[in-house]
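Q: quick one, structure for this:
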Amino acid sequence: MFSHVKVGSNDLDISRAFYDALFGAVGGKPAMQDDKGRLIYMHDGALFMVTKPIDGEPACHANGGTIGFRMASTEQADAWHAAGVAAGGTACEDPPGVREGGFGKLYLAYLRDPAGNKLCGLHRIG
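A: Numbers count the residues shown, from 1 in each chain. You can find the predicted model right below:
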């Protein structure tokens, strides 16, 4: 449905350390950087980018927004969450675990990146 996701950051060095660790925990490669300084992560056919805002204003997170990343297992979701917290992210919502709702059983692990963007590692159970 979409081609990529991009978030803003006021400090690309901090973001690189965080996302390199976060995606490395699930087999992703470190960021590439384009000629405009944007960090680019490619993994499993998906593209995720981090950039300073092009309008020169400070980056801020979306209130109510969440970016979800597909996990292969509950163990991978836990490793992803732990790597994010160890690399400067902040755990948020409930601790990683199973939630049941209209989409069936989901294993969810929420955290915020150093810029405040809300992320979710999601594994569909069954």
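Q: make it CA atoms for all contacts and neighbour counts henceforth
A: OK.
Q: now the longest strand seen in the chain: mean pLDDT?
A: Using DSSP state E, we find that the single longest strand of the chain is strand 104-112. In this model, strand 104-112 has an average pLDDT of 96.
Q: flag every buried residue along it.
A: 106-112 (16 or more other Cα atoms under 10 Å).
Q: make a markdown table from those and add distance to residue 75 to it.
A: As requested, the buried residues of strand 104-112 are exported to a markdown table (distance: Cα to Cα, whole Å):
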| residue | distance to residue 75 |
| --- | --- |
| 106 | 13 |
| 107 | 10 |
| 108 | 11 |
| 109 | 11 |
| 110 | 14 |
| 111 | 16 |
| 112 | 19 |
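Q: farthest-separated two in those?
A: 106 and 112 (19.2 Å; Cα to Cα).
Q: list the buried ones in stretch 90-107?
A: Quick answer for stretch 90-107 (16+ other Cα under 10 Å): 90-91, 96, 106-107.
Q: which residues are in contact with residue 33?
A: Neighbour list for residue 33: 39-40 [criterion: Cα atoms under 8 Å, 6 or more residues apart in numbering].
Q: mind checking how far the helix or strand residue 82 falls within is from the chain centre?
A: Using DSSP states H and E, residue 82 falls within helix 74-86. Offset of helix 74-86 from its chain centre (Cα atoms, centre = their mean, to the nearest Å): 11 Å.
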